[in-house]
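*Asks:* I would like to see how this sequence folds:
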Amino acid sequence: MPSARGTREASAAGARPRGTDRSPLRPLVPQPGPTDHFAELLLAVLSGQRPVHAMLRHTAGRAYDELVRLAERGPLRTRGVRPVVRDIGWFEPREGAIEVFARIGAGDRLRAMAFRLEQGRDLRWRCTAVELGGPRTHRVDTR
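*Replies:* The predicted structure is shown next:
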């Protein structure tokens, strides 16, 4: 399972690889997983920080069309406070597919973003679906 906040373990007991200098080992920095990477990319597009066409090579199927439709409305554009990814979670329905949800915060506002990633034969992850939710308006039946 991919790790959104994965860690990489240092070599056994801090041992230095042979043939290296005597400088202390630097700790390995955790690398973001595809869930984190795509959440940041989608946030940048939906907040107007990047153009939609920046996602062309990162999408497959109808996801690009969905993204164009969403971006036209500028749903995550804010005044003053820049939106950030606050939290990410995911579900792996099968090998090579991840369904991701992210909470996007901008000041005191919170929005929900969901997207699906699928790994291609070339082992690259691509977004195949994207949805955005926000504050729900309650319908009142006036019959």
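
*Asks:* hey, let's count contacts and neighbours off CA atoms from now on
*Replies:* OK.

*Asks:* list the contacts for the closest residue to residue 56 other than its chain neighbours?
*Replies:* In space, and not counting its chain neighbours, residue 56 is closest to residue 64: 6.7 Å by C-alpha to C-alpha, 6 or more residues apart in numbering. By C-alpha atoms under 8 Å, 6 or more residues apart in numbering, the contact list for residue 64 reads 55, 56, 128.

*Asks:* what would the residues you listed look like in CSV with secondary structure?
*Replies:* Formatted as CSV, the contacts of residue 64 follow (DSSP: H, G, I helix; E, B strand; the rest coil):
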residue, secondary structure
55, helix
56, helix
128, strand
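
*Asks:* now the helices for this protein?
*Replies:* Taking DSSP state H to define them, one finds helices in the chain at 34-46, 63-73.

*Asks:* for residue 122, which of those helices is the nearest?
*Replies:* With C-alpha to C-alpha as the measure, helix 34-46 is the member of the helices of the chain nearest residue 122 (14.7 Å).

*Asks:* centroid-nearest residue for this structure?
*Replies:* When the chain is reduced to its mean C-alpha position, the closest residue under C-alpha atoms, centre = their mean turns out to be residue 39, at 1.7 Å.

*Asks:* so who does residue 101 touch?
*Replies:* 88, 89, 90, 112, 113, 114, 115.

*Asks:* what about residue 125, neighbour count?
*Replies:* Here the count is done by other C-alpha atoms under 10 Å, and residue 125 has 21 residues near it.

*Asks:* pull the helix or strand with minimum mean pLDDT from the chain.
*Replies:* helix 63-73 (a mean of 91; mean pLDDT, DSSP states H and E).

*Asks:* buried residues, it. List them.
*Replies:* Neighbour-count burial for helix 63-73, counted by 16 or more other C-alpha atoms under 10 Å, picks out 63, 64, 65, 67, 68, 70, 71.

*Asks:* before we move on, what about stretch 86-104?
*Replies:* Here stretch 86-104 shows 88, 90, 96, 97, 98, 99, 100, 101, 102, 103, 104 as buried, counting by 16+ other C-alpha under 10 Å.

*Asks:* so residue 40 touches residue 85, yeah?
*Replies:* Yes. At 7.0 Å, residue 40 and residue 85 qualify as touching, with contact defined as C-alpha atoms under 8 Å.
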